[in-house]
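Peer 1: For reference, the sequence and a predicted model appear below.
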Amino acid sequence: MRVFVIVIAVLGSVFTSLAQQNKLNKADMYFNEMAFAQAIDLYTDLEGTSLDTPEMRRKLGESYYKIGRYQKAVETYSSMIESEAATAEDYYRYAMVLKMMGDYELSDFWMKKYSEQSSGEIRAELFLDKLNYKEIIEGVDPFFSIQPTRLNSPNAEFGAVINPKENRVYFLSSGRESQLIKHKTARDESLFLDLYKINTNAERELGYLSKVKGVNTKLHEGPLTFTPDGSQVYFTRSSEIKGNDGLQRLKIFISDVDENGDFYNEREFPYNSNDYSVGHPSISKDGKTLYLVSDKPGGFGGADIYKMEILGNNEYGEMINLGEDINTEGQELFPFIDTENRLYFSSDGRPGLGGLDVYVAFFRGSAVSKVGNLGKPINSQFDDFAFTLTQDLSSGFVSSNREGGKGKDDIYQISLLRPIVFGVYVKGKCVDENNVPINHALVELRNETNRLIESTFTNENGEYSFVADFNDNFKIRGTKQFYQRAIDSLNTFDHRNIVEIDLVLKKDTEMSIYGVVTDSITGEALEDVEVRILDELEGTELFFTTSSNGDFTYLVNKFLLNDIGRYKIALSKVGYHSKTLQYDVEFEEVGQYNIHSDVDLTLSPMHRR
């Protein structure tokens, strides 16, 4: 009898183990298919069993993170993060959820551990470059005010964008489902997203709400963008077809827009794929460039932002990755290009205040010149994304799952408070002694070591402007031919937003360096001698050829009295030995400085006559 009981117990244990393994396999399947709500139900049933491993904890923690249950994600990660199975990516994810719970100190501790194991990764380098990132971000004065909109419901609303005519706002919502058919996503059992529109007047007050016709399906409809004339719309939709890995992808579709703001004549974007996602489109103000997000192979990791040329007739140029100045190993999402060609996007791969933060990238030509975090109140310790602006840049929308909202994601209306400038906005005029504006004067911003930071030319009104970084010393220098240069100092330690510095350029003092080159033996003046003068302080170089009198003149009209000049002068002529000499001078008075009185400008022939 005892043997029989033992056999029954063993079989029961085997059946229990098999049942638990089957449950884990099913949970992993849900996890891989991004059905995180279902995965959580099964993983939690396995807590405390023999299958409760660091690997299972990792997946459970990520599942909590993906559906926005950040406190549970912190608790789950903390139970496995000290194990030998914990990876650098676990450190990063743990640091992210800690930050979203407001524990920046502990988050930074795990970010440092991540960075120690991830040398060379963009996320690590960005973090180590700005360890005081929170202080820097919170030290920036707000660019926008923010307030919730009446678009929000207890479910999810996000991605508001105004059409080019600015008479309608479009947005995504999962909170206004049909009473007959309720499609739910497997991710967190929320309702699928549909596109809605709401009329707006000249004061941008919101009016009548309706569902967009000709677009909504049983799948997710997503972020959208209009062509500049408003006649076409590009929008994102989840795919019904799964890829080889069993995952559904995002795809872009294009439709025409009728006078009521509804969509028709839908067609598929030619770069769509079943093997990777493309989505979140944004079109430049001239209609020639499309920005989009993709996790196609060959990127930096996660989702990257790309751009491509719009050629017309459903033809497009190559998908070009925006590079590591924008993209990281994390997620870069929701690009938006404004009418001044600034690119706004959300990222969880850069040092920020929370999960997804909104950043803005400035371009000089086609190259990224600076990326800045928009700071509070646009960003919070939670996910902030889907940033858009009106054409005049005065207002717009941002979405967030921050605390105090009405639902899972909410739409907030924003209003511009000051120019979007990171640092001190330095502006002024170049004028002469009679206060007459000087146009096309060269104005340079230089640091304490005289390194050129930026340069510009004054406009027809003599005006110039720069953006100078905080916490530094600078010099502003103005020059123009036939005028003396003008110099002023600037420091940015007091975090003023705007500084005005006018430069007075006096008329040219007509100082010059004059020299005569002669034969060292005969004393005759040498014609056609090549003279190269390097201004060692300015970093400029000029070339001359001596006249029939053997002389040359170098104007130094950018200098003030008592300035120092330092020159390296090279002389060369066929049949003569070349020579290089140094000439240093203090310009104590106006007039001509005869260099041949101070240095030897003679050349020796190669062969005596």
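Peer 2: Nice, I can see it. Residues are numbered from 1 along each chain as shown.
Peer 1: so what pLDDT did residue 189 get?
Peer 2: At residue 189, the pLDDT value in this model is 47.
Peer 1: nearest residue to residue 219 other than its sequence neighbours?
Peer 2: Distance criterion C-beta to C-beta, 6 or more residues apart in numbering; nearest residue to residue 219, sequence neighbours excluded, is residue 238 at 4.6 Å. All C-beta spots, glycine's among them, are computed from the backbone N, C-alpha and C.
Peer 1: List the contacts of that neighbour.
Peer 2: Applying C-beta atoms under 8 Å, 6 or more residues apart in numbering, one finds that residue 238 lies in contact with 219, 220, 222, 248, 249, 250, 251.
Peer 1: my read: the third one touches residue 194, true?
Peer 2: No. Shown here, residue 222 and residue 194 do not form a contact pair, counting by C-beta atoms under 8 Å, at 10.2 Å.
Peer 1: Okay, now the unreliable bits of this structure?
Peer 2: Within the chain, the ranges that satisfy pLDDT under 70 run 1-16, 175-191, 242-246, 508-509, 557-561, 608-609.
Peer 1: Give me the buried positions along stretch 381-400.
Peer 2: If you call a residue buried by 16 or more other C-beta atoms under 10 Å, then stretch 381-400 has these buried ones: 381-390, 395-400.
Peer 1: gap between the two ends of that stretch?
Peer 2: The first and last residues of stretch 381-400 sit 10 Å apart, counting by C-alpha to C-alpha, to the nearest Å.
Peer 1: all helices of this protein, in order?
Peer 2: Assigned by DSSP state H, the chain shows helices spanning 2-32, 36-45, 54-66, 70-78, 88-100, 104-117, 122-129, 133-138.
Peer 1: Reformat these as JSON lines; add mean neighbour count and distance to residue 151.
Peer 2: Formatted as JSON lines, the entries for the helices of the chain read as follows, by neighbours: other C-beta atoms under 10 Å; distance: least, C-beta to C-beta, whole Å:
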{"stretch": "helix 2-32", "mean neighbour count": "13", "distance to residue 151": "32"}
{"stretch": "helix 36-45", "mean neighbour count": "20", "distance to residue 151": "25"}
{"stretch": "helix 54-66", "mean neighbour count": "22", "distance to residue 151": "24"}
{"stretch": "helix 70-78", "mean neighbour count": "20", "distance to residue 151": "24"}
{"stretch": "helix 88-100", "mean neighbour count": "23", "distance to residue 151": "24"}
{"stretch": "helix 104-117", "mean neighbour count": "18", "distance to residue 151": "31"}
{"stretch": "helix 122-129", "mean neighbour count": "18", "distance to residue 151": "33"}
{"stretch": "helix 133-138", "mean neighbour count": "16", "distance to residue 151": "28"}
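Peer 1: Other residues contacting stretch 77-96?
Peer 2: For stretch 77-96, using C-beta under 8 Å, 6+ apart, the contacting residues are 53-55, 57-58, 61-62, 65, 74, 97, 107-111, 113-114, 117-118, 123, 348, 355.
Peer 1: With stretch 587-600 instead?
Peer 2: Among residues not part of stretch 587-600, those counted as contacts by C-beta under 8 Å, 6+ apart are 509-518, 553, 556, 559-565, 569, 579, 581-583, 585, 601.
Peer 1: how about that stretch: buried residues?
Peer 2: Buried residues in stretch 587-600, counted by 16+ other C-beta under 10 Å: 587, 593, 595.
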